[in-house]
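# coordinates for the following, if possible.
(one chain, ligands or ions: 3)
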Amino acid sequence: MSRVTLSRYLIEQTRSNNTPADLRFLIEVVARACKEISHNVSKGALGGVLGSMGTENVQGEVQKKLDVISNEILLEANEWGGHLAGMASEEMDNAYQIPGKYPKGAYLLVFDPLDGSSNIDVNVSVGTIFSVLRCPNEYLSQNETLNEKAFLQPGTQQVAAGYAIYGPQTMLILTLGNGVKGFTLDRELGSFVLTHENIRVPESTAEFAINMSNQRHWEAPVQRYVGELLAGETGPLNKNYNMRWIASMVADVHRILTRGGLFMYPRDAREPSKPGKLRLMYEANPMSFIIEQAGGASTNGYDRILDIQPESLHQRVSVILGSKEEVERVTAYHKE
Ligand SMILES: O=P(O)(O)OC[C@H]1O[C@](O)(COP(=O)(O)O)[C@@H](O)[C@@H]1O
Ligand SMILES: [Mg+2]
Ligand SMILES: [Mg+2]
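Numbers count the residues shown, from 1 in each chain. Ligands and ions are numbered 1, 2, ... in the order given. Next up is the predicted model:
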């Protein structure tokens, strides 16, 4: 059987689903950048890439060397492709306009260059998360400077989303809005090869993921739900649940796409001004698009994440995503 590479798959999408050629090219460039990031991540101590930079990003988090390297790789790869008007990243304070080019590219790229970076130094899976939006028409004219507002579109407006996971295998998971495909990096070939044709999240599960150390800060609906999970067969859910927490959203979501489960990073009382820890534009939105396209669900406890109108680039959000039955149960508890 002949192998379907990412390039072949994208060409087929252009032919059969009218995927625009510049979107296809954009995904190819992002995938190439992910290969380079994968290479850097895998060097570890040999490449001198472990440890921190001694700087902080806009959210006050310490930047790891690989956060910065991955951000630069994505910026450089995408700067001259002609398909983008601008980019925004977890590691950059402001939106970035592609300089000196007219006409502007049609798309905006938003990314978390390295997700789960607290895991880099301990050799646990990390990843890159990305989301593609159309650049609104009013920002496409020559004189209009791109700013944050161009990016503030609800997740339903995403035309593509994906993540690369750098684990025992490097994989690229992609949705163009018609299901979810998984590609595995064949290092001898240098290509991502289609290995997971139609990724589906099982509707029910007996596995959940949450950082239990935050329990005392959670709000009542999550306290109630996790209490029921922990009660297992002796509680109202009449079922024993297992728990996993990797502290890399990519790795936790990847497990859920593979065998089902529920992922929660709920709002808590630690910083009342922040509705959760995860970022809406480059963590929650792309992951919610993927999860929904795979048959799962994603809410902030009350509303579908993809319907939230963003108010700022680095906005945080409470996230409950994964197997439909469980997401619906926790969401219902919030509404009672
Ligand atoms: O250490 P905590 O609070 O459990 O947080 C883990 C969460 O933080 C994140 O690592 C944030 O991502 P970054 O590494 O990109 O900042 C998520 O991937 C993960 O779900
Ligand atoms: Mg992240
Ligand atoms: Mg990150």
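# same for the helix or strand encompassing Tyr333, what does it pack against?
Taking DSSP states H and E as the definition, Tyr333 sits inside helix 324-335. For helix 324-335, the helices and strands in contact under the criterion 3 or more CB pairs under 8 Å, 6 or more residues apart in numbering; DSSP states H and E are helix 220-231, strand 262-265, strand 297-299, strand 319-322. Where C-beta positions appear, they are placed from N, C-alpha and C, glycine not excepted.
# pull out the buried positions in that helix.
When neighbours are counted by 16 or more other CB atoms under 10 Å, the buried residues of helix 324-335 are found to be Lys324, Glu326, Val327, Val330, Thr331, Tyr333, His334.
# spit out the contact partners of the fourth one.
Residues in contact with Val330 (CB atoms under 8 Å, 6 or more residues apart in numbering) are Pro221, Val222, Tyr225, Leu262, Met264, Thr299, Gly301, Ile320.
# let me know the pLDDT of His83.
You'll see His83 listed with a pLDDT of 89.
# I'd say it and Glu28 touch.
No. Here His83 lies out of contact with Glu28, judged by CB atoms under 8 Å, at a distance of 9.6 Å.
# more neighbours: which of those two?
The neighbour count for His83 versus Glu28, taken as other CB atoms under 10 Å, is higher for His83 (23 against 17).
# and the stretch 151-300 of the chain, which of its residues are near ligand 1?
For the stretch 151-300 of the chain, the residues found near ligand 1 under the criterion CB under 6 Å from any ligand atom are Asn211, Ala247, Ser248, Met249, Tyr265, Lys277.
# the nearest residue to the first one once chain neighbours are set aside and ligand 2, how far apart?
If you skip the residues right next to it in sequence, Asn211 has Trp245 as its closest partner in space, 5.7 Å away by CB to CB, 6 or more residues apart in numbering. Using CB to the ion, to the nearest Å, one gets 15 Å for the distance from Trp245 to ligand 2.
# wait, what's in contact with Trp245?
By CB under 8 Å, 6+ apart, the contact set of Trp245 is Ala209, Ile210, Asn211, Met212, Asp252.
# packing partners for the helix or strand hosting the last one?
Counting by DSSP H and E, the element that carries Asp252 is helix 249-259. For helix 249-259, the elements it packs on are strand 126-134, strand 160-166, strand 170-175, strand 207-209, strand 262-265, helix 285-293, strand 319-322, judged by 3+ CB pairs under 8 Å, 6+ apart.
# let's see that with 7 Å instead.
Helices and strands touching helix 249-259, by 3 or more CB pairs under 7 Å, 6 or more residues apart in numbering; DSSP states H and E, are strand 126-134, strand 160-166, strand 262-265.
# got TSV for these, with mean neighbour count and distance to ligand 3 too?
Rendered in TSV, the data for the helices and strands packed on helix 249-259 read as follows (neighbours: other CB atoms under 10 Å; distance: least, CB to the ion, whole Å):
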stretch	mean neighbour count	distance to ligand 3
strand 126-134	27	8
strand 160-166	27	11
strand 262-265	25	14
